[in-house]
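K.L.:
sequence and predicted structure below; questions after.
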Amino acid sequence: MQRTKIAGIGMYVPKNIYTNNDMKQFMDTTDEWIQERTGIQERRFADRTQETTTTMAIEASKIAIERARITPQDIDFIVFATLSPDYYFPGCGVLLQRAMKMGEIGALDIRNQCSGFVYGLSVADQFIKTGMYKNILLVGSEKHSFGLDFSTRGRNVSVIFGDGAGAVVLQPTQDENQGILSTHLHSDGNDAELLAMFNPGTHANYWKEGLASFDEAKIGEMFLSKSMIDGSQNYPTMDGPSVFKKAIVKFPEVIMEALEANGYKTRDINMLIPHQANLRIAQFVQQKLGLSDNQVHNNIQKYGNTTAASVPIALCEAWELGKIKQGDLVCLAAFGSGFTWASALIKW
Ligand SMILES: CC(C)(COP(=O)(O)OP(=O)(O)OC[C@H]1O[C@@H](n2cnc3c(N)ncnc32)[C@H](O)[C@@H]1OP(=O)(O)O)[C@@H](O)C(=O)NCCC(=O)NCCS
């Protein structure tokens, strides 16, 4: 059976840089606290009105498409991963299709947060391997800056996240020494509420008390009520220590699963691209697996956690820096809200 190769890759980050010291204008925090806990030094925030999750995706996609030496009209399927869509619905996939003047192709939106890109890669891989599509555009893009609590109350979440986009063009290859070797997807919904944004939503406190405030007598105002907004219940929330503990178990597990499925050892990895959740998590994983510094690429220091965009941005940057060469064994691994986690092993 044919394999799926990455034929082109691109990334885009907004030009507005916010250092940790810049964050002090919104909240009570310090550069030392943020760097010590997360490794983050600065992040990019999109222009408030001139950039959206989709416009950043367009910029990354243009580069990926050009590097694949095709045109937007050659794309035959879109997979778009984000948790910060331009509209609640429709998804960003159709906005990308419209803006890039693509044909009336399928556009699939993926909602798997930090694992979204690797989940999307797995879906696209199946379509390519079976011969259904020949040029899939897979994008991860986030405009977090529009929906975070920048007050001191939300500081444990808002200092972590940044904006940006990454994209790849996926094509079939007959070369046995190239392409996606396997993908591995997991979830455990028992801790769904530990890293989540509850509102707007249809839950009405069904799963857990106190997540939303609304007037039960009024039909139609439960999705997003004034009292939710007044109570800041429309922002993401995170139990950081619990996320940390789960992540440092699941990252190594899913990386080892990918290696074992293909008969490789950790020493065979040329480049590990971990989702840029937190530099401390990535360092823990690196140490646990006994990987050297030149086997792992991290860039959370510059961009923060860009969720669905983090893996393609780090992958693109590593490739642009010449850290990934043809024939290299590249491992992608992600963990995030859900919880969901995933890995992919690729022969570049
Ligand atoms: C979020 C995280 C950095 C918090 O670090 P932590 O050491 O666990 O900190 P805690 O949440 O226990 O908070 C410790 C103290 O720091 C404070 N604090 C939180 N955010 C702060 C900030 N930005 N600046 C200064 N102080 C902050 C808290 O209010 C708390 O103060 P208190 O002890 O007076 O109550 C850490 O838990 C983490 O990285 N978790 C994983 C998160 C992650 O990777 N998320 C993405 C998953 S995809």
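P.N.:
The structure has been received and is ready for your questions.
K.L.:
so residue 141: helix, strand or coil?
P.N.:
Reduced to three states with DSSP: H, G, I helix; E, B strand; the rest coil, the structure at residue 141 is strand.
K.L.:
tell me the contacts of it?
P.N.:
Contacts of residue 141 were listed using CB atoms under 8 Å, 6 or more residues apart in numbering, and they are 53-54, 56-57, 60, 80-82, 92, 164-166, 308-309. C-betas here are computed from N, CA, C, even on glycine.
K.L.:
return the per-residue confidence for it.
P.N.:
At residue 141 the predicted local distance difference test score is 98.
K.L.:
go on, residue 1?
P.N.:
78.
K.L.:
which PyMOL command selects the buried ones in the contacts of residue 141?
P.N.:
Listed next is the PyMOL selection for buried residues among those, using 16 or more other CB atoms under 10 Å:
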select buried, resi 53+54+56+57+60+80+81+82+92+164+165+166+308+309
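K.L.:
show me which of the contacts of residue 141 is closest to the ligand.
P.N.:
Proximity of the contacts of residue 141 to the ligand was ranked by CB to the nearest ligand atom; the top entry is residue 308 with 10.4 Å.
K.L.:
isn't the closest one up against residue 144?
P.N.:
No. Assessed by CB atoms under 8 Å, residue 308 is found out of contact with residue 144, at 10.4 Å.
K.L.:
geometric centre of the chain: which residue is closest?
P.N.:
Note on the chain: the residue nearest the mean C-alpha position is residue 308, at 1.4 Å, using CA atoms, centre = their mean.
K.L.:
per-residue pLDDT, that one?
P.N.:
For residue 308, the pLDDT comes out at 98.
K.L.:
cool, and residue 201?
P.N.:
With respect to pLDDT, residue 201 scores 94.
K.L.:
phi and psi next, for the residue nearest to the centre of the chain.
P.N.:
Backbone torsions of residue 308, given as degrees, to the nearest 10, read phi -60, psi -20.
K.L.:
what sits against it?
P.N.:
81-83, 110, 112-114, 116-117, 140-142.
K.L.:
what does residue 9 give?
P.N.:
Residues touching residue 9, when contacts are defined by CB under 8 Å, 6+ apart, comprise 63-64, 67, 166-169, 312, 315-316, 319.
K.L.:
hang on, it is in a strand, isn't it?
P.N.:
Yes. Following the definition three-state DSSP, residue 9 is counted among the residues of a strand.
K.L.:
identify the bridge partners of it.
P.N.:
According to DSSP bridges, the partner residues bridging residue 9 are residue 168.
K.L.:
ok, so what distance separates it from residue 199?
P.N.:
Applying CB to CB, to the nearest Å, the value for residue 9 to residue 199 is 35 Å.
K.L.:
for the one helix or strand residue 259 maps to, enumerate the helices and strands it packs against.
P.N.:
Element membership of residue 259, judged by DSSP states H and E, is helix 240-261. When contacts are defined as 3 or more CB pairs under 8 Å, 6 or more residues apart in numbering; DSSP states H and E, helix 240-261 packs onto strand 179-187, helix 279-289, strand 329-336, strand 340-347.
K.L.:
direction included, what does the very next helix or strand once past the first one pair up with?
P.N.:
Which is strand 179-187. Going down the chain from strand 179-187, the next helix or strand is strand 195-196, by DSSP H and E. Each strand pairing with strand 195-196, determined using DSSP bridges, is listed with its direction: strand 237-238 (antiparallel).
K.L.:
gap between the strand it pairs with and the chain center?
P.N.:
Distance of strand 237-238 from its chain centroid, counting by CA atoms, centre = their mean, to the nearest Å, is 17 Å.
K.L.:
list the residues that contact residue 314.
P.N.:
Counting by CB under 8 Å, 6+ apart, residue 314 touches 273-274, 276, 297-299.
K.L.:
ok, which of these also contact the ligand?
P.N.:
Applying CB under 6 Å from any ligand atom to the contacts of residue 314, one finds that nothing falls near the ligand.
K.L.:
save the helices and strands packed on helix 240-261 as CSV, and put in mean pLDDT, distance to the ligand and mean neighbour count too.
P.N.:
As requested, these are exported to CSV (pLDDT from 0 to 100; distance: least, CB to the nearest ligand atom, whole Å; neighbours: other CB atoms under 10 Å):
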stretch, mean pLDDT, distance to the ligand, mean neighbour count
strand 179-187, 98, 14, 19
helix 279-289, 97, 6, 18
strand 329-336, 98, 4, 26
strand 340-347, 98, 10, 26
